[in-house]
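Asker: Pasting a predicted model and its sequence here:
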Amino acid sequence: MNLKKVKPDFNQVNLWLKQVKKDLNTAEKNLEIDPHWSLVIAYQIMLKVGLSLMFSYGVKPTGLGQHKTVVEYSSNKLGKQFADIANQFERLRRKRHDFFYGHLIGISLTEAQMAIKAAKIMLYQVNKIVAGRNTQRKLL
């Protein structure tokens, strides 16, 4: 993994985590219209949640393969009890890549729903981790 140290910015992290809650709503509303886009939105949610987790620890991805770095870092920080979510994140990363750069076809409504569910679980867990790490919030 290529990581660069940065100063943790909990204001940015909290803005991102707030935004992904809106994105979840968009993904859910779009399910019946276009499961492909709902799946891509779910992946983007997980990516932004993963980046939020990284920024809370004072690191960010650099160089080639930044999306893969976010997936791997998130997987390590979430731990073994969230291995299924981490595996789903990796599968979604590949599907998103195929969607944009290849020919992804055949996303079912159920698959898109499962992607959104994984994004919700990841968001919930990362929210807990970030809240525990945010010393600024504890001071108020």
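Answerer: Good, I have the coordinates. Numbering: from 1, shown residues only.
Asker: Show me the shaky parts of this protein.
Answerer: 104-105, 136-140 (pLDDT under 70).
Asker: one more time with 50
Answerer: Where the chain drops to pLDDT under 50, the residues are 138-140.
Asker: need the helices for it, in chain order.
Answerer: Ranges of helices in the chain, per DSSP state H, are 10-30, 35-56, 66-78, 83-101, 109-133, 135-139.
Asker: Taking helix 83-101 as reference, get the angle to the third one.
Answerer: Here helix 66-78 runs at an angle of 170 degrees relative to helix 83-101 (axes from the mean of the first three to the mean of the last three CA atoms, to 10 degrees).
Asker: Any idea how many residues pack against residue 81?
Answerer: Neighbour count for residue 81, taken as other CB atoms under 10 Å: 8. All C-beta atoms are positioned from the backbone trio N, CA, C, and that covers glycine.
Asker: Contact partners for the most centrally placed residue in the chain?
Answerer: Nearest residue to the geometric centre of the chain (CA atoms, centre = their mean): residue 46, 1.4 Å. For residue 46, the contacting residues are 74, 89, 92, 118, 119, 122, by CB atoms under 8 Å, 6 or more residues apart in numbering.
Asker: Any chance of the residues you listed in CSV with distance to residue 35 and neighbour count as columns?
Answerer: Converted to CSV, these look like this (distance: CB to CB, whole Å; neighbours: other CB atoms under 10 Å):
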residue, distance to residue 35, neighbour count
74, 24, 25
89, 18, 27
92, 13, 25
118, 15, 23
119, 14, 28
122, 19, 24
